[in-house]
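# Let's see this in three dimensions:
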Amino acid sequence: PEALHEWHKRFWDHEVQWAINIVGAAELNFRFSVLQPVTGFRHFGEGISHLKKVTGKIQRDIQCYLVPIIASAAPPGIMLAI
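Below is the predicted model of the structure:
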């Protein structure tokens, strides 16, 4: 398998799930929904916890947003791990 695909899949399978468990699905969805839409990036108006299948572009967009979104809610050790 391709390394880049594996990294994106690992991010979705582990780091995003950690964020959902730590911050809470409702809070994480709210934080994603209030982001200002940006050209070239997907706007997650209903959040991300309900997503089941995600493409590489969606994973990339979530990766760009995730750290700033959970920065005030997650413990410092989790922030370092992500």
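# With adjacent residues omitted, what lies nearest to residue 49?
residue 25 (3.9 Å; C-beta to C-beta, 6 or more residues apart in numbering). All C-beta spots, glycine's among them, are computed from the backbone N, C-alpha and C.
# so where is this structure shaky, pLDDT-wise?
Where the chain drops to pLDDT under 70, the residues are 1.
# Go through the biggest helix by length in the chain and flag the buried ones.
As assigned by DSSP state H, the longest helix anywhere in the chain is helix 56-70. Buried residues in helix 56-70, counted by 16 or more other C-beta atoms under 10 Å: 58, 59, 61, 62, 63, 65, 66, 69, 70.
# Packing partners of it?
Applying 3 or more C-beta pairs under 8 Å, 6 or more residues apart in numbering; DSSP states H and E, we find helix 56-70 packed against helix 3-10, helix 16-23, helix 25-33, helix 76-81.
# so how far is the longest one from its chain's centroid?
So that's helix 25-33. Taking C-alpha atoms, centre = their mean, to the nearest Å, the mean C-alpha location of helix 25-33 is offset from the chain mean by 10 Å.
# How about the first one?
On the basis of C-alpha atoms, centre = their mean, helix 3-10 sits 14 Å off its chain's mean C-alpha point.
# Rebuild the helices and strands packed on helix 56-70 as a markdown table, extending it with distance to residue 46.
As requested, those are exported to a markdown table (distance: least, C-beta to C-beta, whole Å):
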| stretch | distance to residue 46 |
| --- | --- |
| helix 3-10 | 21 |
| helix 16-23 | 14 |
| helix 25-33 | 6 |
| helix 76-81 | 24 |
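# Mind telling me what element residue 46 is part of?
Using DSSP states H and E, residue 46 sits in no helix or strand.
# can I assume it is in contact with residue 34?
No - checked against C-beta atoms under 8 Å, the pair residue 46 and residue 34 is beyond contact range at 11.7 Å.
# quick revisit: of the helices and strands packed on helix 56-70, which is nearest residue 42?
Closest to residue 42 of the helices and strands packed on helix 56-70, according to C-beta to C-beta: helix 25-33, at 10.0 Å.
# Show residues contacting that closest one.
Here helix 25-33 makes contact (C-beta atoms under 8 Å, 6 or more residues apart in numbering) with 19-20, 23, 44-50, 65, 69-70, 73.
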